[in-house]
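S.K.: Output the structure for:
(2 chains, ligands or ions: 1)
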Amino acid sequence: MDDIETQNLELQLLLQAIYLKYGYDFRNYAKASIKRRILHRLTSDKLPNISAMQHRLLYDEAFFGRLLLDLSINVTEMFRDPNFYLAIRQHVIPQLRELPYLKIWHAGCSTGEEVYSMAIVLKEEGLYDRTQIYATDMNEVVLRQAREGIFAINHLKQYTANYQKAGGQESFSNYYSAHYDHVVMDKSLKKRVLFSDHNLATDGVFGEMNLIMCRNVLIYFDRDLQNRVFNLFKESLCDNGFLCLGSKESIRLSVHSNTFEDVVKEEKIYRKKISQNIL
Amino acid sequence: MKENTVKTFKAIVMGASAGGIKALGIVLSAFPKDFPVPVLIVQHLHPNSDSYLIQMLAQQCALTVKQADEKELIHASTVYIAPPNYHLLVEEDYSLSLSVDPRVNFSRPAIDVLFETAAYAYRDQLIGVILTGANGDGSQGVKLIRKLGGYLVVQDPATAEAEAMPRAAISAVRIDRVLPLEQIGPYLVQLINRGCQL
Ligand SMILES: C[S@@+](CC[C@H](N)C(=O)[O-])C[C@H]1O[C@@H](n2cnc3c(N)ncnc32)[C@H](O)[C@@H]1O
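M.R.: Sure, this is the predicted structure:
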């Protein structure tokens, strides 16, 4: 066994140790990105090897907390891929409008930017007051930020441009109040949102949803874990419920591809076909 | 006896930034249709740019040119381009991953991310190529390729539209060949077909 193989073995053991001690399961994540993150933390903390890191994280919970932040990539933005939100307005909202009450699940919502984006769309389309939104992530730290709805002001220009490209009907400044270096999102936008802890790798089904959004999370998973999560989504959606993935993610190569049909192909908006369970 | 002295390669990774679109076209136009290895490319682009680069390169190149998809298996005779706003990573089972990890060297996709992950996957059977660019991305990547025994080619800064990136690579680590832009394509074809004499 050469050095790289030994290192890969250490990595496997580390992920096992994290799972057994802390319950976070990274064992079925795509390896290259995880390995890069671990090796960076190794260098910046001047640890000699992954085994030394394993020792450290087993005895030092604060160290694990930092590593968890390294491993859960929380990069997000408001109205990311504006065309996606435009497609939601044009092709999904008209169908949701038929329902008396709707439930939306944002899985892997990170610091909440996409939750606030969707809340704005629902408000402008007159659906917000009959919607319940569940926003979940495995990472408590980012959920806390999401709940607060406070964002750095330096992204505001881009968010405003995204909002307009996404078919925004108002002035974006109606939705926040600006302070020195941050903006606070309007309280009414989280009135119908429940933020809570949910891990897609280990936790279960989430109830009868009309729409599930899970964007830029599945790219971090291997095929087996992707299939687990697609199954979770299938079980959590009502008939005709919508599934929205990130722009580089697709259900087409998974074992569940037949359960879903395209709604807007380019924007990765799918819909669960009727009565999968009866057939 | 000869087998012991010739090294063969399994893949080429290429990084380019300012001036790269033109430079990539010139390099790729030298590759024949049955080029027996894959070519993986990071070209720094505006996050919202469309597939214009791919169409353009496809016209100049005999190989299949496509945007990299997450989880796809890497095939020979194919050019994979990192999508705008995503990092491109190589898995050790020779499949591709995408990520939205933070920018590296102010860039996403970043050359370092592609080069470092490809170095782990292909080790001494990898060729890393740095072309024109106005920043220092790729320097960490070439260091790891060097460390794991791969082969390095850098565009002669004198022939580069922006010389900072090739210069940074050259000062980071020993480079096997520094070549004028026109010679890089033909040289890589020779290297892939005959291996490199050790
Ligand atoms: C790149 S962010 C995507 C944020 C947002 N959905 C977007 O597209 O802008 C990925 C998020 O997925 C979360 N995540 C990663 N693995 C997860 C898991 N197993 N269960 C739940 N969330 C997870 C991370 O904590 C992170 O906040």
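S.K.: contacts, neighbours, all on C-alpha from now
M.R.: OK.
S.K.: How much space separates A:Y176 from A:I93?
M.R.: Taking C-alpha to C-alpha, to the nearest Å as the measure, A:Y176 falls 24 Å from A:I93.
S.K.: gap between B:V154 and B:G128?
M.R.: Counting by C-alpha to C-alpha, the gap from B:V154 to B:G128 is 8 Å.
S.K.: need the residues of chain A near the ligand, please.
M.R.: A:72-77, A:108-110, A:137-139, A:198-201, A:214-217 (C-alpha under 6 Å from any ligand atom).
S.K.: ok, now which ones touch the residue of chain B found nearest the ligand?
M.R.: Residue of chain B nearest the ligand, by C-alpha to the nearest ligand atom: B:V100 (5.8 Å). Shown in contact with B:V100 (C-alpha atoms under 8 Å, 6 or more residues apart in numbering or on different chains): A:I73, A:V75, A:N216, B:N85, B:Y86, B:H87, B:R108.
S.K.: As TSV, the residues you listed with neighbour count and distance to B:V79 would be great.
M.R.: Listed next are these as TSV, based on neighbours: other C-alpha atoms under 10 Å in any protein chain shown; distance: C-alpha to C-alpha, whole Å:
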residue	neighbour count	distance to B:V79
A:I73	19	28
A:V75	13	28
A:N216	21	24
B:N85	22	18
B:Y86	21	17
B:H87	25	16
B:R108	26	19
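S.K.: Specify the local secondary structure of the single nearest residue of the stretch 151-279 of chain A relative to chain B.
M.R.: Across the stretch 151-279 of chain A, the shortest distance to chain B (C-alpha to the nearest C-alpha) belongs to A:I219, at 6.3 Å. Following DSSP: H, G, I helix; E, B strand; the rest coil, the label given to A:I219 is helix.
S.K.: Test my guess that it contacts B:L98.
M.R.: Yes. Between A:I219 and B:L98 there is a contact under C-alpha atoms under 8 Å: 6.3 Å.
S.K.: Overlap of the contact sets of those two?
M.R.: Contacts common to A:I219 and B:L98, judged by C-alpha under 8 Å, 6+ apart, are B:E70.
S.K.: which of those two has more neighbours?
M.R.: Using other C-alpha atoms under 10 Å in any protein chain shown, the more surrounded residue of A:I219 and B:L98 is B:L98, with 26 against 22.
S.K.: pLDDT at the more buried one, what is it?
M.R.: Looking at B:L98, its pLDDT stands at 97.
S.K.: same deal with the one 4 residues further on?
M.R.: Predicted confidence (pLDDT) at B:P102: the value is 93.
S.K.: Once you drop chain neighbours, what's closest to it?
M.R.: What sits nearest to B:P102 in space, not counting adjacent residues and going by C-alpha to C-alpha, 6 or more residues apart in numbering or on different chains, is A:V75, at 6.5 Å.
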